[in-house]
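Colleague: Below is the structure, and that's it, no one-letter string:
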Ligand code: SF4
Ligand code: MG
């Protein structure tokens, strides 16, 4: 049932002004098969670093990725790609401009030596149809397509591998608002049809509200709250989640970095505040918060996790 659990401490490879940047710390996340987990936080909180580790594009300094309880680490990146596929924010830069759409979508099959050329061509045609692209798109170049069509190509490329998990990293934030809803609906339809599991990354709670089953909220590289959609949206327990939610209710959702109403910009991740890293911005902070970091505690029902000394009930 549990599709993925992981624990990371990333140090070694990432440096910023000479100091080790702890981009993601001891994040453990289990995504039940067939569900959508939203991963939400401001830009720079480590969401994309986490996604890159899941995709094998960055090596965690500790921890592992598991699918159905099996660690993927030893299997290498090629095996990882069979299980986990990405859809990135920017369809402009993630598609090779010199390749035709059919070749772009076929590439993962070729890399993994799947099927004969004829079988691959059939699967490409089927998949393009699935994501709502017209037949002629197969012979076009990315530059001839609209932003929404390009994101459909990226979705087709991810789905052609029949992955267990699709990592969607801000997949609609580069698109016009009118196109965003179409792409989100397409992702939902595909999830229902194929029983896909998504990790859906966004800086904006409003974007994930209609998609997710569960939400994990990240702040400065750590998960500060995790719960069901109902709980997070109706009764958020962490002050940071409460601030994010308040900002998501302001107009123009999905455009740029939200002003989360806490004045301050996010602290330097290479030099995080003592105790609870959120304390300089937290309206509920007390002396204890500066000294002691709150553990991520699971509630008695086992339904939510929250890291705050003074979490709301
Ligand atoms: Fe705020 Fe303290 Fe809770 Fe951190 S531990 S979120 S500073 S109340
Ligand atoms: Mg990002």
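Modeller: Yes, it's here. The shown structure was predicted, so the numbers you read here are calculated from the model rather than taken from an experiment. Ligands and ions are numbered 1, 2, ... in the order given.
Colleague: Tell me which stretches of the stretch 51-200 of the chain form strands.
Modeller: 66-67, 70-71, 84-87, 165-169, 197-202 (DSSP state E, counting those that start in this stretch).
Colleague: can you put these in a markdown table and add mean pLDDT, mean neighbour count and distance to ligand 1?
Modeller: C-beta coordinates here come from the backbone N, C-alpha and C atoms, glycine included. Shown next, in a markdown table, are the strands of the stretch 51-200 of the chain (pLDDT from 0 to 100; neighbours: other C-beta atoms under 10 Å; distance: least, C-beta to the nearest ligand atom, whole Å):
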| stretch | mean pLDDT | mean neighbour count | distance to ligand 1 |
| --- | --- | --- | --- |
| strand 66-67 | 76 | 20 | 30 |
| strand 70-71 | 72 | 12 | 33 |
| strand 84-87 | 89 | 24 | 31 |
| strand 165-169 | 92 | 24 | 26 |
| strand 197-202 | 93 | 25 | 21 |
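Colleague: Those into CSV, with extra columns for distance to residue 107?
Modeller: Below are these laid out as CSV (distance: least, C-beta to C-beta, whole Å):
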stretch, distance to residue 107
strand 66-67, 22
strand 70-71, 26
strand 84-87, 12
strand 165-169, 17
strand 197-202, 22
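Colleague: From residue 149, how far off is residue 136?
Modeller: According to C-beta to C-beta, to the nearest Å, residue 136 stands 11 Å off from residue 149.
Colleague: Give the residue from these two that has the larger number of neighbours.
Modeller: residue 149 (19 against 10; other C-beta atoms under 10 Å).
Colleague: Surely the more buried one and residue 138 touch.
Modeller: No: contact between residue 149 and residue 138 fails when scored by C-beta atoms under 8 Å: they sit 11.9 Å apart.
Colleague: list the residues that contact both of these two?
Modeller: Common neighbours of residue 149 and residue 138 are not found (criterion: C-beta atoms under 8 Å, 6 or more residues apart in numbering).
Colleague: In contact with residue 218, which residues are there?
Modeller: Contacts of residue 218 (C-beta under 8 Å, 6+ apart): 27, 39, 40, 41, 45, 46, 47, 50, 224.
Colleague: same thing but at 6 Å, please
Modeller: 41, 45, 46, 47 (C-beta atoms under 6 Å, 6 or more residues apart in numbering).
Colleague: quick one: pLDDT of whichever residue of the stretch 1-150 of the chain sits closest to ligand 1?
Modeller: Ligand 1 sits closest to residue 41 of the stretch 1-150 of the chain, with a gap of 13.7 Å, by C-beta to the nearest ligand atom. pLDDT recorded at residue 41 is 90.
Colleague: Which residues of the protein lie near ligand 1?
Modeller: 238-239, 276, 278-279, 282, 284-285, 289, 294, 308-310 (C-beta under 6 Å from any ligand atom).
Colleague: could you redo the last one with a cut-off of 8 Å?
Modeller: Listed as neighbours of ligand 1 in the chain under the rule C-beta under 8 Å from any ligand atom: 224, 238-240, 275-279, 282-286, 288-290, 294, 307-311.
Colleague: Just the buried residues from those residues, in PyMOL please.
Modeller: Of the residues of the chain next to ligand 1, the buried ones can be selected in PyMOL as follows, counting by 16 or more other C-beta atoms under 10 Å:
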select buried, resi 224+238+239+240+275+276+277+278+279+282+285+289+294+307+308+309+311
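Colleague: which two from the contacts of residue 218 end up farthest apart in space?
Modeller: Spatially, the most separated pair among the contacts of residue 218 is 41 and 46, at 7.5 Å (C-beta to C-beta).
Colleague: where in the protein is pLDDT low?
Modeller: Along the chain, the model assigns pLDDT under 70 to residues 1-23, 72-79, 91, 249-266.
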